[in-house]
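Let's see this in three dimensions:
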Amino acid sequence: MKLIKHNEESNLPEKLAKPAVRALESAGISRLEQVAKLRESELLKLHGMGPKAIEQLRIALDAKGLSFAEES
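Numbering: from 1, shown residues only. Down below sits the predicted model:
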């Protein structure tokens, strides 16, 4: 994944814990549309990403009519 530009607008949940935000940013993810391309299991492998962050992302994705990629 490419690194995000700092001026790129993020639409990640505002209450997402800082370690989870850093984990996503370090993976080049700043938008829910990017999160939706990944499986939960992939996100959980990122240092700083935990079950609470996954749940917050799930709720935010659902609000936009998105979901995590299907587990294989």
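
Tell me which residues touch Glu70, please.
With contact set as Cβ atoms under 8 Å, 6 or more residues apart in numbering, Glu70 has these partners: Arg39. Every C-beta, even on glycine, is put in place using the N, C-alpha and C of the backbone.

let me redo that: Phe68
Counting by Cβ under 8 Å, 6+ apart, Phe68 makes contact with Val35, Ala36, Leu38, Arg39, Glu40, Leu43, Leu57, Arg58, Leu61.

avg pLDDT for whatever helix or strand Lys52 lives in?
Using DSSP states H and E, Lys52 sits within helix 51-63. For helix 51-63, the mean per-residue pLDDT is 97.

Contacts made by that helix with the rest, please.
With Cβ under 8 Å, 6+ apart, helix 51-63 has contacts from 12-13, 15-17, 20, 32, 35-36, 40, 43-44, 67-68.

got JSON lines for these, with pLDDT and secondary structure too?
Below are those laid out as JSON lines (pLDDT from 0 to 100; DSSP: H, G, I helix; E, B strand; the rest coil):
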{"residue": "Leu12", "pLDDT": "94", "secondary structure": "coil"}
{"residue": "Pro13", "pLDDT": "93", "secondary structure": "coil"}
{"residue": "Lys15", "pLDDT": "92", "secondary structure": "coil"}
{"residue": "Leu16", "pLDDT": "95", "secondary structure": "coil"}
{"residue": "Ala17", "pLDDT": "95", "secondary structure": "coil"}
{"residue": "Ala20", "pLDDT": "96", "secondary structure": "helix"}
{"residue": "Leu32", "pLDDT": "96", "secondary structure": "helix"}
{"residue": "Val35", "pLDDT": "97", "secondary structure": "helix"}
{"residue": "Ala36", "pLDDT": "97", "secondary structure": "coil"}
{"residue": "Glu40", "pLDDT": "96", "secondary structure": "helix"}
{"residue": "Leu43", "pLDDT": "97", "secondary structure": "helix"}
{"residue": "Leu44", "pLDDT": "96", "secondary structure": "helix"}
{"residue": "Ser67", "pLDDT": "97", "secondary structure": "coil"}
{"residue": "Phe68", "pLDDT": "97", "secondary structure": "coil"}
